[in-house]
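Colleague: just to be clear, the model below is a prediction. Sequence and coordinates:
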Amino acid sequence: MRLAGARQLWTLAKDLQKEFPGIQRFSVQNLWNMRQFYSAYKDNPKLQPLVGEISWTKNIIIIERCKDDSQREFYIKTTKKFGWTKDVLIKQLEAVQTAYGESDKF
């Protein structure tokens, strides 16, 4: 994230926290995750209905670790089908990452 963008996000987080005291979902990290979520799915009518079928946390894990929409679709569907927990999803993603010897996104 660019420095100016980081400052704006920090300011926005503080403003939202002030405006909505008691709601703890407006951290800088959570706002960044919201932006990533929007960017990943805004132009994808195929994935938009699927993302509501798994938790926010699992969606963020998939967004952070999968580099393209076909991988995201696979992990969203598989997570739902098998009822994977967050920990199982992470282990599955790490197993594939390890198998292919990639250090970041696969």
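Modeller: Looks like it came in fine. Residues are numbered from 1 along each chain as shown.
Colleague: please, which helix or strand holds the spatially most central residue of the chain?
Modeller: The residue at the geometric middle of the chain, judged as the C-alpha nearest the mean C-alpha position with Cα atoms, centre = their mean, is residue 60 (1.7 Å). With elements delineated by DSSP states H and E, residue 60 resides in helix 56-65, which encompasses its position.
Colleague: just checking, what packs against that helix?
Modeller: Contact partners of helix 56-65 among helices and strands, from 3 or more Cβ pairs under 8 Å, 6 or more residues apart in numbering; DSSP states H and E: helix 28-41, helix 69-82, helix 86-100. (Each C-beta comes from the backbone N, C-alpha and C, glycine too.)
Colleague: closest one to residue 15 among those helices?
Modeller: helix 28-41 (10.7 Å; Cβ to Cβ).
Colleague: and after that closest one, which helix or strand comes next?
Modeller: Moving toward the C-terminus from helix 28-41, the first helix or strand encountered (DSSP H and E) is helix 48-51.
Colleague: ok, residues contacting that next one?
Modeller: Contacts to helix 48-51, defined as Cβ atoms under 8 Å, 6 or more residues apart in numbering, come from residues 37, 41, 59, 73, 76-77, 80.
Colleague: just the buried ones from the residues you listed?
Modeller: If you count burial by 16 or more other Cβ atoms under 10 Å, the buried members of these come out as 41, 59, 73, 76.
Colleague: most widely separated two among those?
Modeller: For those, with distances taken as Cβ to Cβ, the pair at the greatest spread is 59 and 73 (12.1 Å).
Colleague: who's in contact with residue 40?
Modeller: When contacts are taken as Cβ under 8 Å, 6+ apart, residue 40 is in contact with 47, 63, 72.
Colleague: sweet, I'm off.
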